[in-house]
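Enquirer: mind looking at a prediction? Sequence and model below.
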Amino acid sequence: LCSVYLLRDWKKILILITAFTIGHSLTLALAVFNIVKIDADLIEFLIPFTILITAIYNMIRKPGSTVGENVHINYFFALFFGLIHGLGFSNYLRAIMGREKSIVNQLLAFNLGLEVGQIIIVAVFLFFSFIFISLFRVSRRDWVLVISSAVAGVSIMLMLEAKFW
């Protein structure tokens with residue numbers, strides 16, 4: 001989701017990250033409280049599928065169209081994909097929480113940690129993006145195509161390996 005942004009777009013990126021975390025937090029909480037139950041094999045397929053959708057969208061979108069409608073689409077992608085990805089962590093979180101009575105604090109800590117972790121990873125990614133685009137003069141479109149193609153390839157491999165089939 002962040003490959004189409006530059007360092008100067010940091011406010012948009014923070015909104016994007018937070019939208020993902022909100023979606024992630026919502027379904028994670030619903031799954032941990034056993035309100036929502038979805039087959040883990042299906043989720044393990046849907047996670048790379050959502051990544052593939054994003055990569056394909058990045059490859060077919062018009063260059064430089066990060067304002068207006070496309071920004072809203074990216075925010076929607078982030079929120080929606082966060083919903084799916086949150087389900088993927090629910091079994092893991094349930095296992096590490098054990099039989100704790102107060103899981104609200106653990107959920108909050110987990111999601112805050114997720115937000116901070118995502119910000120750090122995206123900051124590192126944007127640093128490399130800055131180096132390649134500004135210093136090595138790689139065109140922004142080529143950068144997006146290379147990153148999105150690599151991500152699409154990895155996500156296809158993960159989808160093929162999913163037990164969902």
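Expert: In hand now; what should we look at? Keep in mind the model is a prediction, meaning the values are calculated, not measured.
Enquirer: quick check: residue 135 vs residue 147, distance?
Expert: Distance, residue 135 to residue 147, by CB to CB, to the nearest Å: 17 Å. Any C-beta I mention is one placed from the backbone N, CA and C, and that applies to glycine too.
Enquirer: show me which of these two is the more surrounded one.
Expert: residue 147 (20 against 8; other CB atoms under 10 Å).
Enquirer: and that one, what element?
Expert: Using DSSP states H and E, residue 147 sits within helix 140-161.
Enquirer: which strands and helices sit next to that helix?
Expert: In terms of contacts (3 or more CB pairs under 8 Å, 6 or more residues apart in numbering; DSSP states H and E), helix 140-161 is packed against helix 40-60.
Enquirer: which helices and strands sit right next to the helix it packs on?
Expert: Checking 3+ CB pairs under 8 Å, 6+ apart, helix 40-60 ends up next to helix 69-97, helix 140-161.
Enquirer: got TSV for those helices, with distance to residue 10 and mean pLDDT too?
Expert: What follows is the helices and strands packed on helix 40-60, written out as TSV (distance: least, CB to CB, whole Å; pLDDT from 0 to 100):
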stretch	distance to residue 10	mean pLDDT
helix 69-97	14	84
helix 140-161	16	97
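Enquirer: and these: which comes nearest residue 3?
Expert: Among those, the nearest to residue 3 by CB to CB is helix 140-161 (4.3 Å).
Enquirer: mind listing what's buried in the closest one?
Expert: 140, 143, 144, 145, 147, 148, 151, 152, 155, 158, 159 (16 or more other CB atoms under 10 Å).
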